[in-house]
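Colleague: Take this sequence and fold it.
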Amino acid sequence: MTLQEYIDQTEPQKMPNVLLERSEIQIGKTINNVIKERSLTLVWIVDGCAELLWGIAYVLVGDDKTLWTTDEDGNPKKRSCFSLK
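Modeller: So this is what the prediction gives:
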């Protein structure tokens, strides 16, 4: 499913697989966690969804292409329905 299809759903699906284009996201800083041997990269979805997803920060964990929601400290909390193409 594309981001636009996700936004336009009239009967929302629970946890659909939404593939994001690079132009639909803004990538922030990457932090390397030596202890857990992984990196965390901040990501925001910015294209076509100003009202729906505005201000929600996600993280990429290591080389995984799935975005994770974050807790109040910016740590991965739950796997989201969004993935990078």
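Colleague: Quick check: buried residues in stretch 53-67?
Modeller: Buried positions in stretch 53-67, judged by neighbour count with 16 or more other CB atoms under 10 Å: 53, 58-61, 67. In this view, the C-beta of every residue, glycine as well, is placed from N, C-alpha and C.
Colleague: quick one: contacts of it?
Modeller: Contact partners of stretch 53-67, identified using CB atoms under 8 Å, 6 or more residues apart in numbering, comprise 20, 28, 38-45, 68-70, 74-76, 79-80, 82-85.
Colleague: Same question for stretch 22-30.
Modeller: Contact partners of stretch 22-30, identified using CB under 8 Å, 6+ apart, comprise 3, 39-48, 57, 84-85.
Colleague: Could you rerun that using 7 Å?
Modeller: Contacts made with stretch 22-30 from outside it, assessed by CB atoms under 7 Å, 6 or more residues apart in numbering, are listed as 3, 39, 41-48.
Colleague: in this structure, which spans are strands?
Modeller: With DSSP state E as the criterion, the chain has strands at 18-20, 25-33, 38-45, 57-61, 66-70, 76-84.
Colleague: is it possible to export the ones you listed to CSV including mean pLDDT and distance to Asp8?
Modeller: What follows is these, written out as CSV (pLDDT from 0 to 100; distance: least, CB to CB, whole Å):
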stretch, mean pLDDT, distance to Asp8
strand 18-20, 95, 12
strand 25-33, 88, 19
strand 38-45, 89, 15
strand 57-61, 92, 21
strand 66-70, 94, 20
strand 76-84, 94, 15
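Colleague: Out of the buried residues of stretch 53-67, give me the two with the largest separation.
Modeller: Within the buried residues of stretch 53-67, two members stand farthest from each other by CB to CB: Leu53 and Val61, at 19.1 Å.
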